[in-house]
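Undergrad: Mind looking at a prediction? Sequence and model below.
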Amino acid sequence: MQRIKVLVVDDHAIVRDGVSTLLSLAGDIEVVGEAANGKEGLDKVSKLLPDVVLMDISMPIMGGLEAIRRIRKGFPNVKILVLTQYDDKEHVFPAIQAGANGFVSKTSASSELTAGIRAVFTGESYLSPSIAKLFVEDYRQVSSSGGKSDPYEELTDRERETLKLVVEGYKTRQIAEILSVTPKTVEAHKTSLMRKLGIHSNLELIKYALRRGIINM
């Protein structure tokens, strides 16, 4: 029997330990490594070449979205299953757009996690029921509004990453280092996202992020 090699990327050690223990009970799944953030996860992918990466979204140093994009670009054959506490469309849709093959909420049953791993490993997409419901609701909302979309949906993945880092208090140069871009590019992303959202100050950005659940107090 071929064992599915899995890399667990989450900034909480207790979560990594719990997931690893759970997956050890599945005879066809083997946890080959763990990482505490996206950057470490990217390094582990290049060294371990797992079949599937279990990726959290909100992590320090490098978040899950940026890690997903880089893994997808550098290791297109590696499957990515997002495993996170966030099951709202502000987190789900960007992860799918970044290249994730599936999405499982941490509140899901353990059987959903193993089912998700097996599904993406075989080339299928996987969304736990609570996540799939978001897509149905979003479709209905867009249809009922005559096709008008939420301004947040117009942001690029990089603009969303920039927004999150800005409201978390990171300075321009710090954001540039995290995203591996120039400070000028960061400022360009910030200007663009503020224009799209109709926001004119950092204070307004913070209030917006709190309303959308992008950050928590």
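TA: Good, I have the coordinates.

Undergrad: For the rest of this, base every contact and every neighbour count on C-alpha atoms.
TA: OK.

Undergrad: can you list the domains in the chain?
TA: Following automatic domain parsing, one finds the domains of the chain at 4-136, 151-212.

Undergrad: Pick the most buried one from those.
TA: Most buried of the domains of the chain, by mean neighbour count (mean count of other CA atoms under 10 Å): domain 4-136, with a mean of 19.

Undergrad: circling back: any chance of a markdown table for the domains of the chain, columns mean pLDDT?
TA: A markdown table is the format used below for the domains of the chain (pLDDT from 0 to 100):
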| stretch | mean pLDDT |
| --- | --- |
| domain 4-136 | 89 |
| domain 151-212 | 88 |
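
Undergrad: For the strand or helix carrying residue 16, which outside residues touch it?
TA: For residue 16, the element it lies in under DSSP states H and E is helix 13-24. Applying CA atoms under 8 Å, 6 or more residues apart in numbering, the contact partners of helix 13-24 are 8, 9, 10, 29, 30, 31, 34, 36, 110, 114.

Undergrad: gap between it and the chain center?
TA: Counting by CA atoms, centre = their mean, to the nearest Å, helix 13-24 is centred 19 Å from the centre of its parent chain.

Undergrad: Hmm, residue 197 is touching residue 151, no?
TA: Yes. Counting by CA atoms under 8 Å, residue 197 touches residue 151, with 5.8 Å between them.

Undergrad: Look up phi and psi at residue 54.
TA: Main-chain torsions, residue 54, degrees, to the nearest 10: phi -90, psi 120.

Undergrad: next one: residue 127
TA: According to degrees, to the nearest 10, residue 127 has phi -130, psi 130.

Undergrad: For it, list the residues it contacts.
TA: For residue 127, the contacting residues are 102, 103, 104, 116, by CA under 8 Å, 6+ apart.

Undergrad: Now do the host helix or strand of the second one: everything it contacts.
TA: Using DSSP H and E, residue 103 sits in strand 102-105. Here strand 102-105 makes contact (CA under 8 Å, 6+ apart) with 80-87, 92, 96, 112-113, 116, 120, 125-128, 130-131.
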